[in-house]
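Participant: Sequence and computational prediction follow.
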Amino acid sequence: MMNNNTKFKVLIVDDNPKNLSVLYKILNNKYQVFAVENGDLAIKIANESIPDLIVLDILMPGINGFDVCDSLKKSGKTKDIPVIFMSALSETIDKIKGFNCGAVDYITKPYQKEEVLARIKTHLELADYRKKIESFNDVLKEKVKEKTYQLEEKIVDITDINTALRESEESYHALFSSAPDSILLTDVSTNRIIKANNASLKLFGYLEEELIGKDEKEIFVNDETDKVHDVIKTDSEEILSFRNKVIKKEGTFVEVSTNSRIIFYNNILCKQSFIRDITSQIEIENNLIEARRQSEEFSNLKSNFLANLGHELRTPLISILGYSQLMEDELENADHKKMVSGIYAGGKRLLRTLNLLIDLSMLGTKKINFHEDIIAPDAAVKDVLHQNKESIDNKGLSTFVGKIKEDLFIKVDARMYWEILNNLIGNAVKYTIKGGIEILIDSTEIDSEKWVEIIVKDTGPGIEKDKLELIFEEFRQASEGFT
């Protein structure tokens, strides 16, 4: 049992300062708490202060929780410190990985204060009890040597051993009864329950005398009990992990997760089952599935709306372009021709934007049709540079197109190929204040197939490394906001 006069040291590790603050407030009144925000510092503090327990977040930048736990378990100074993982992850494979790393338990975010305190208290008591047993074993070894020479001392030691064993059994029963999870001991030979803790009585709704002696199949849904989902293997045992349903006394069902292992209890081969109510967890999972369905439905509606809008606007735009081109040919006044030319250029730009909008909406629904065209790779490059000639000349930028010597042709959707080049080269012109733009066209081989590689270089400010992934998300760019 824990000594109430001594504050146990608890190290909490989470890269989220808010989570650290909440945990610190929960634990600080009962324990001496150390709080750190990354794995490297956690390993350093653990080796220097040797905490009695570590509460460790899984998902952290740099060294994640699994790697931190693995490092601690490899160190002679910290290998025996119990580790409780805390994470929003709830998949069984993450639990298995945590147990394989050496963790003793896990707390699922968002966590409840009572659950956190109960789990930490239980594992501190178990760790304290283990230390006392180890200390007792060391003492016992020394006494065995002395008892070899002194029979009277050996008799005294045997008495001490019996007393310690009785106290150990009492401690085990106390921990068993107060554990927050339901625990059942089932006789393997008869499949009948021989021991149940208080949490089990509350879960099933039975009195102790009503639950003891029941066949396990009477309180579990039979067609689910034997469906093992995972096997957690350690050096000394296998833990079977599965989901099933329990039948409460009043006949209702509760979804649970169960971890079972084989142990000896009072010289009887037993199955020890740890049972946890996961009703709220399943509700969260179902809500996430429904949210994903609604999100996909909304995405389809958005894509269809954009596609219909684009089609409705493109028809009159094509008429505007046609008439403005005819007017430019017919007009003789230079100012009038320039104005009509501006109308045509603006309409053409708007038409390209609408085409891109339709392409984007079709990509979202996977209905886009690609047209294969065979073209020279540098033809569109020259056309795009010509489209941006006014901006290039106004800024005084230099341009260079490095082309391979051999005449190659590529198979692409010509319109999309032009739009991609226009985006790349247009951005280079837009963000380059001085210097120039270099476009390199070369051949390369990938998996024994011949490809053409096009590289656009500029002397602009570039994109920060932490924004490189961001720009590939829908409607995002490196610089956002009113600027």
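Facilitator: Looks like it arrived, so ask away. Computed from a predicted model, the values in this text were never measured in an experiment.

Participant: can you give me the helices for the protein?
Facilitator: 17-27, 39-49, 65-74, 92-101, 113-149, 151-178, 198-204, 208-211, 222-225, 279-330, 334-365, 377-387, 389-395, 414-431 (DSSP state H).

Participant: Specify the beta-bridge partners of Thr258.
Facilitator: Beta-bridge pairing for Thr258 (DSSP bridges): Phe242, Ile275.

Participant: how deep is Asp52 tucked in, by neighbour count?
Facilitator: The local packing of Asp52 (other C-beta atoms under 10 Å) involves 22 other residues. All C-beta spots, glycine's among them, are computed from the backbone N, C-alpha and C.

Participant: brain fart, Leu11
Facilitator: By the criterion of other C-beta under 10 Å, Leu11 has 23 neighbours.

Participant: Tell me if I'm right that it and Glu48 touch.
Facilitator: No - counting by C-beta atoms under 8 Å, Glu48 is not a contact partner of Leu11; they are 10.5 Å apart.

Participant: could you check the distance from Asp383 over to Ile410?
Facilitator: Taking C-beta to C-beta, to the nearest Å as the measure, Asp383 falls 15 Å from Ile410.

Participant: the more surrounded of the two?
Facilitator: Using other C-beta under 10 Å as the criterion, Asp383 and Ile410 rank with Ile410 on top: 17 against 13.

Participant: Per-residue confidence, the more buried one, what does it come out as?
Facilitator: With respect to pLDDT, Ile410 scores 87.

Participant: With the one 10 residues further on instead?
Facilitator: The pLDDT attached to Ile420 in the predicted structure is 88.

Participant: For it, give me its contacts.
Facilitator: Under the criterion of C-beta atoms under 8 Å, 6 or more residues apart in numbering, Ile420 has no contact partners.

Participant: Check the gap between it and Pro377 for me.
Facilitator: For Ile420, the distance to Pro377 (C-beta to C-beta) stands at 12 Å.

Participant: Please apply the same query to Lys74.
Facilitator: For Lys74 relative to Pro377 (C-beta to C-beta), the value is 54 Å.

Participant: Can you give me the domain assignment for this protein?
Facilitator: With domains defined by automatic domain parsing, the chain comprises 9-161, 181-277, 284-365, 373-472.

Participant: what residues are up against the closest residue to Gly205 other than its chain neighbours?
Facilitator: Spatially, and ignoring its direct neighbours in sequence, Gly205 is nearest to Lys249 (3.8 Å; C-beta to C-beta, 6 or more residues apart in numbering). Going by C-beta under 8 Å, 6+ apart, Lys249 touches 204-206, 210.

Participant: Buried subset of these as a ChimeraX selection?
Facilitator: Typed into ChimeraX, the line below selects the buried ones among those, using 16 or more other C-beta atoms under 10 Å:
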select :204,205,206
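
Participant: okay, the contacts of Lys249 in a markdown table with pLDDT next?
Facilitator: Output for the contacts of Lys249, formatted as a markdown table (pLDDT from 0 to 100):
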| residue | pLDDT |
| --- | --- |
| Phe204 | 86 |
| Gly205 | 86 |
| Tyr206 | 87 |
| Glu210 | 86 |
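
Participant: Now for the residue lying closest to Leu331 once chain neighbours are set aside, how many residues are close by?
Facilitator: Closest residue to Leu331 apart from its sequence neighbours, by C-beta to C-beta, 6+ apart: Lys337 at 4.9 Å. Lys337 has 15 neighbours, counted by other C-beta under 10 Å.

Participant: Okay, Lys337 and Gln325: tell me how far apart.
Facilitator: From Lys337 across to Gln325, the span is 11 Å (C-beta to C-beta).

Participant: Ile81 now?
Facilitator: Remark: distance between Ile81 and Gln325 (C-beta to C-beta) = 78 Å.

Participant: how much space between the residue lying farthest from the centre of the chain and Val340?
Facilitator: For the chain, the residue at maximal distance from the C-alpha centroid (C-alpha atoms, centre = their mean) is Glu332, at 66.7 Å. As judged by C-beta to C-beta, Glu332 and Val340 stand 12 Å apart.

Participant: cool, Ile107 as well?
Facilitator: Separation of Ile107 from Val340 (C-beta to C-beta): 70 Å.

Participant: Quickly note the distance from Lys214 to Ser257.
Facilitator: Relative to Ser257, Lys214 is positioned 21 Å away (C-beta to C-beta).

Participant: between the two, who's got more neighbours?
Facilitator: Higher neighbour count among Lys214 and Ser257: Ser257, with 20 against 17, using other C-beta under 10 Å.

Participant: check contacts around that one.
Facilitator: Contacts of Ser257 by C-beta under 8 Å, 6+ apart are 241-243, 275-276, 278.

Participant: Could you measure from it over to Asn244?
Facilitator: Applying C-beta to C-beta to Ser257 and Asn244 gives a distance of 8 Å.

Participant: Lys74 and Pro377: which has the busier surroundings?
Facilitator: The residue with more neighbours, out of Lys74 and Pro377, is Pro377; 20 against 10, by other C-beta under 10 Å.

Participant: you'd agree the more buried one is up against Ile441?
Facilitator: Yes - Pro377 lies in contact with Ile441 (C-beta under 8 Å); the separation is 5.4 Å.

Participant: any residues in contact with both of those two?
Facilitator: Contacts common to Pro377 and Ile441, judged by C-beta under 8 Å, 6+ apart, are 452, 454.

Participant: Where does the prediction get shaky in the stretch 151-300 of the chain?
Facilitator: Scanning the stretch 151-300 of the chain for pLDDT under 70 picks out 151-177, 222-238.

Participant: Outside of stretch 384-403 itself, list whatever touches it.
Facilitator: With contacts defined as C-beta under 8 Å, 6+ apart, stretch 384-403 is touched by 378, 381-382, 418, 421-422, 425-426, 429-430, 432-442.

Participant: and the residues you listed, which are buried?
Facilitator: The neighbour-count test (16+ other C-beta under 10 Å) marks 378, 381, 418, 421-422, 425, 429, 432, 436-439, 441 as buried among those.

Participant: how much space between Glu115 and Tyr129?
Facilitator: 21 Å.

Participant: and those two? which has more neighbours close in?
Facilitator: Between Glu115 and Tyr129, counted using other C-beta under 10 Å, the more crowded position is Tyr129 (17 against 13).

Participant: Gly205 and Ser182, how far apart?
Facilitator: 12 Å.

Participant: What of Asn100?
Facilitator: Distance of Asn100 to Ser182, computed by C-beta to C-beta: 24 Å.

Participant: Neighbour count: these two, which is higher?
Facilitator: Comparing Asn100 with Ser182 by other C-beta under 10 Å, the one with more neighbours is Ser182, at 22 against 14.

Participant: Across the sheet, point out what pairs with that one.
Facilitator: Ile275.

Participant: what's the closest of the contacts of Lys249 to Leu269?
Facilitator: Nearest to Leu269 among the contacts of Lys249, counting by C-beta to C-beta, is Phe204 at 23.3 Å.

Participant: leaving aside the residues next to it on the chain, what's closest to Val10?
Facilitator: Using C-beta to C-beta, 6+ apart and skipping residues adjacent in sequence, the residue nearest Val10 is Tyr31, 4.5 Å away.
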